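Chemist: let's see this in three dimensions:
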Amino acid sequence: FGQNPGPKHWEAVKRIFRYLVGTQKRKIIFRKAHSRSLVVSAYSDASWAEDTDDRKSTSGMVVKLNGHTISWKTKKQAVVATSSCEAELNALVYTAKEVRWLKQLLSELTNTKIHCSIHVDNKAVVDITINAAIIMNGGNSLRLEAGNNILQNADVRVSGNAATLRMTADADFSGSGGSA
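Modeler: Just a heads-up that it's a prediction; the model follows:
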């Protein structure tokens, strides 16, 4: 895109600048937690094959600490996902790495119990993370197994209870001014 930018790219740049101008007075406010433990809740989502040029998916995540958003990101996936489940699983692994890093940081800074969970809106992804046998038999077993190990090593609980709700991470894909 840098070699031959077109009108679509210029529109995207202008949209980014409009977003930055429109949000420059926004702040993040943290209130003191009443609990002695820290709760990290992450929301993971993917937009399968969204890029019409290369059919790569986009991962998105929002991470909250005691209910306050502290991190949000979107990133184009490095590989072309062959299904929406694979795209969602890639997004989950991306989110799990962020949660694992945050948990490690918090454990070094505090002497507090840390509870971590990642919410996804894809039942198949939840089933895959729960059932290691499916991971071993999958077509992309090495990547899926690595993702499962990341979740286990980070002591992160994956939940599919957000499937019927509007996902927090969906804001990044809605085109309505989500941040990234």
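
Chemist: C-alpha from now on. contacts and neighbour counts both.
Modeler: Will do.

Chemist: pLDDT below threshold where in the chain?
Modeler: Along the chain, the parts satisfying pLDDT under 70 run over 1-2, 28, 30-33, 130-180.

Chemist: quick one, strands of it?
Modeler: Using DSSP state E, the strands of the chain run over residues 38-47, 58-65, 68-76, 114-119, 157-159.

Chemist: okay, and the beta partners of the nearest residue to residue 72 once chain neighbours are set aside?
Modeler: In this structure, residue 72 finds its nearest non-sequential neighbour in residue 62, 4.3 Å apart by Cα to Cα, 6 or more residues apart in numbering. Note on residue 62: beta-bridge partners residue 43, residue 72, judged by DSSP bridges.

Chemist: closest to residue 107 out of the strands of the chain?
Modeler: Evaluated with Cα to Cα, these place strand 114-119 nearest to residue 107, the distance being 7.6 Å.

Chemist: and the closest one with strand 58-65, angle?
Modeler: With axes from the mean of the first three to the mean of the last three Cα atoms, to 10 degrees as the basis, strand 114-119 and strand 58-65 are set at 150 degrees to each other.

Chemist: wait, the residue nearest to residue 72 sits on residue 43?
Modeler: Yes. At 5.2 Å, residue 62 counts as touching residue 43 under the criterion of Cα atoms under 8 Å.
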